[in-house]
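**Q** Provide a 3D model corresponding to the input given below.
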Amino acid sequence: MKEAFKGLRPAAEFAKLEQAARSRSEADWIVGMNATRAATIRLRSSFDGAVSLGRVQTPTLAIIARREEEIRAFKPEPYWLVDATFVAGVGGHPNDEQASGERTYIGRFHAGAQPRISSEAEAAAVVQACEGKQGQITKLEKKKQKERAPMLYDLTTLQREANTRYGFSARRTLAAAQRLYEEHKALTYPRTNSRYLTTDMIGEIKPIAKLVGRQAEYSKAAEYVTGLEHLPLGRVVNDAKVTDHHAIIPTRSEHNLEKMGSDDRRVYDMAVRRFLAVFHPEAVFENTKVETTVPAGLQEKDGGHVFRTRGKLLLVPGWRGVYGEAAADSAKPEKERGGEEDEGADQQLPRLEQDEEVQTREIKSARKETKPPRRYSDASLLGAMETAGKLVDDEELREAMKDSGIGTPATRAAIIERLITVGYVERDGRALVASEKGLNVIRLLNEHALTSPGLTGSWEHRLGKIERGEDSRKQFMSDIAGFALQTVKELDETLKDVRIPRAQLGPCPVCGHEIVENRKGYSCWAREDPGCGFVIWKSKAGKTLPIAVARELIKTGYTERAVTGFKGRSGRSFRAHLALSQTEEGKWRVEFNEEWAKEGAKPPEAETESTADVQAHSVA
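**A** Below you'll find the predicted structure:
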């Protein structure tokens, strides 16, 4: 603190930063308040409560909702994969004693570059043609691959990795990082969008490494850093990439790990290992590609059935040594991990040789189905927000696109939680699922500019230019006011006569009348026919029961799968099966269909209301 006070800078240097922050705040209020009022007034007959819209939250909802529409429209198609187990070295190898002995590996059939086979008959023909046959290793290619250490954490990257590794929500990670900053004094300010340090911090690097090295698990990595004569600072120090706050790193004060909770300890461990790893050398892998050809016929020399195999061996741990052996798969991008379904996972290959003869010991086909795109998790949604909806895996390119993202690192977690609070999005495990209300809002807005991640990203880009003095606050706010005015006019016109038809869920299990969705529940009541009064209330234990769950309860009396997203008094989420049950008085209720609920206990690992305390679903 003394050093900071010695280096105080004039307030005038931060005037542009203040203008950008004020512009962002006012733009959010102007667009959000006006758009929400316009939509709520026009849609009050279709929605229960306000129709919340916003400069940042609406394009974020659009990203989730459009992914959900893709998933619902997706039609799976069958395909087949053929895998063979090959054995090399049967009967010994004439040229190399060390290569003798049976060595097995697995290959996947490829027709050209395509491993998928469109018909079962074609897959069966490949199996029949290769079963028990002799093949040959026709291609054996080895290449070394170098992998640089990942850059230091900013808040968004920390939140994404904590979600991937531990399942933490963005808000949970931010809370832990904030405690580590405020209470434990162990990490620097977390609400940063920079992954670099400033030049004046170079002298702090080795003392910090020495400090964290007092802990046994970090001692070896810290010793390497402190022993370097010249620190590799090219991807660590850059004054131009630091505006208000630098990257998240450990502080140079005493860190009492025993006082840290489980979440805090995990986030602290991530930040410390990343700080040490960034000064380590590249990891070096040996990638091996093998092609095994099984001849298609006796007379055919050039053709045949080709099976491909991939191997990956860590030769030099480099920065990965900071994380231990488990690091090899943890840092794989989701896109790469997903590709293993078709190409086959990397294997620990035995020693193989070019042109070596092999035997097909086992071969079989497996039926698969094409899968819809994955729902967003906190990690993937934060990544999409950072790049305004564009899919970017490369770290350097992501860094270049930061000024055009949706929201800021400090607000993105709050935006996700806001979407959940207003009922637009629900959590299903780690997945974020758009609710019917959220889907309907985006459907009604259609292609309105307010749903465009690119437009919001361009505003963030302009706010960044205001920070650097390259754009005018006055002009920006004038454009925002114009956009808000145009948005209100468009919403007023397009939503004027909109009526969302109420969903029909099937016949009532009591009286047989059609059950219809209303604002607060699903019932057989209607103005022209009151029915018997059977109702399933939408609200239960902090969750709004979706139409699909209500329809299943009405049809079968119970849910086959556990329903996620219930919340207990502690605020922690839990999942449970549901069932319709009838009391002695003849009233119907929706109960938690779990042993702990029948025994009057609380859900596992969560504190919640007992069944009796939860609002009952009964006949009025």
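**Q** could I get the full set of helices for the stretch 301-450 of the chain?
**A** 327-330, 334-343, 378-386, 395-400, 409-421, 436-445 (DSSP state H, counting those that start in this stretch).
**Q** rank those helices by pLDDT, which is bottom?
**A** The weakest mean pLDDT among these belongs to helix 327-330, with a mean of 45.
**Q** mind listing the helices for the stretch 1-150 of the chain?
**A** Here the stretch 1-150 of the chain has its helices, by DSSP H, counting those that start in this stretch, at 2-6, 15-42, 57-73, 120-130.
**Q** show the average pLDDT along the third one.
**A** It stands for helix 57-73. Per-residue pLDDT over helix 57-73 has a mean of 93.
**Q** burial check on the closest residue to D378 other than its chain neighbours, number of neighbours?
**A** The shortest distance from D378 to any residue other than its chain neighbours is 4.2 Å, reached at N163 (CB to CB, 6 or more residues apart in numbering). Every C-beta, even on glycine, is put in place using the N, C-alpha and C of the backbone. For N163, the count of nearby residues is 21 (other CB atoms under 10 Å).
**Q** surely L180 meets Y189?
**A** No. Applying CB atoms under 8 Å as the test, L180 and Y189 come out as separate, 10.5 Å apart.
**Q** who's more crowded, these two?
**A** L180 (25 against 15).
**Q** now the more buried one, what's its secondary structure?
**A** Three-state assignment for L180 (DSSP: H, G, I helix; E, B strand; the rest coil): helix.
**Q** next up, the contacts around it.
**A** With contacts defined as CB atoms under 8 Å, 6 or more residues apart in numbering, the neighbours of L180 are 186-187, 190, 260, 264, 267-268, 271.
**Q** where along the stretch 251-400 of the chain do the strands fall?
**A** Using DSSP state E, counting those that start in this stretch, the strands of the stretch 251-400 of the chain run over 283-294, 305-316, 357-369.
**Q** before we move on, back to that, most neighbours, which of the contacts of L180?
**A** V267 (32 neighbours).
**Q** re the thing from before, which two in the contacts of L180 are spaced the farthest apart?
**A** Farthest pair in the contacts of L180 (CB to CB) is P190 and M260. Separation: 14.8 Å.
**Q** so which helix or strand takes in A597?
**A** According to DSSP states H and E, A597 maps onto helix 595-598.
**Q** can you tell me how far T243 is from S194?
**A** Separation of T243 from S194 (CB to CB, to the nearest Å) stands at 7 Å.
**Q** which one of those two has more residues nearby?
**A** It is S194, of T243 and S194, that has more neighbours when counted by other CB under 10 Å, with 22 against 16.
**Q** which residues are in contact with the closest residue to the more buried one other than its chain neighbours?
**A** Closest residue in space to S194, ignoring its immediate chain neighbours: V242 at 4.8 Å, by CB to CB, 6+ apart. The contact partners of V242, taken as CB under 8 Å, 6+ apart, are 194, 196-198.
**Q** export those as CSV, with columns for secondary structure.
**A** Shown next, in CSV, are these (three-state DSSP):
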residue, secondary structure
S194, coil
Y196, coil
L197, strand
T198, coil
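**Q** which of those ranks first by neighbour count?
**A** Neighbour max across the contacts of V242 (other CB under 10 Å) = L197, 24 neighbours.
**Q** residues in contact with the helix or strand containing E460?
**A** Assigned by DSSP H and E, E460 falls within helix 453-467. With contacts defined as CB under 8 Å, 6+ apart, helix 453-467 is touched by 16-17, 19-20, 23-24, 27, 55-56, 59-60, 62-63, 243, 384-385, 388-389, 403-408, 449, 471-473, 476, 480.
**Q** if any of the residues you listed are buried, give me the PyMOL selection for them.
**A** Buried residues within those, by 16 or more other CB atoms under 10 Å, are selected in PyMOL with:
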select buried, resi 16+19+20+23+24+27+55+56+59+60+62+63+243+384+385+388+389+403+404+405+406+407+408+471+473+476+480
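**Q** sorry, back to before: ok, and what's touching the strand or helix carrying the residue nearest to D378?
**A** Under the criterion of DSSP H and E, N163 resides in helix 155-166. With contacts defined as CB under 8 Å, 6+ apart, helix 155-166 is touched by 151, 153, 168-170, 172-174, 176-177, 190-193, 195, 248, 266-267, 270-271, 330, 334, 377-380, 382-383, 385-386, 409-410, 412-413, 430.
**Q** out of these, which are buried?
**A** 151, 153, 168-170, 172-174, 176-177, 190-193, 195, 248, 266-267, 270-271, 377-380, 382-383, 385-386, 409, 412-413, 430.
**Q** so what's the closest residue to L315 other than its chain neighbours bridging to?
**A** Spatial nearest neighbour of L315, chain neighbours left out: V284 (4.7 Å); criterion: CB to CB, 6+ apart. Under the criterion DSSP bridges, V284 forms beta bridges with K146, V316.
**Q** picking that back up, in TSV: the contacts of V242, plus pLDDT.
**A** Shown next, in TSV, are these (pLDDT from 0 to 100):
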residue	pLDDT
S194	91
Y196	95
L197	96
T198	94
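**Q** so what's V516 bridging to?
**A** Bridge pairing for V516 - DSSP bridges - gives Q504, S523.
**Q** ok, it touching A503?
**A** Yes. Taking CB under 8 Å as the definition, V516 is a contact partner of A503 at 7.3 Å.
**Q** how about stretch 287-297 as CSV, C-alpha atoms only?
**A** The C-alpha trace of stretch 287-297 is given here as CSV (Å, rounded to 0.1, in the frame of the first residue of the first chain):
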residue,chain,number,x,y,z
ASN,A,287,2.2,-37.6,-31.9
THR,A,288,2.0,-40.9,-33.7
LYS,A,289,-0.3,-41.7,-36.6
VAL,A,290,-0.6,-45.3,-37.7
GLU,A,291,-2.5,-46.7,-40.7
THR,A,292,-3.1,-50.5,-40.8
THR,A,293,-4.3,-51.9,-44.1
VAL,A,294,-6.1,-55.2,-44.3
PRO,A,295,-6.2,-56.4,-48.0
ALA,A,296,-9.7,-56.4,-49.6
GLY,A,297,-8.9,-59.4,-51.7
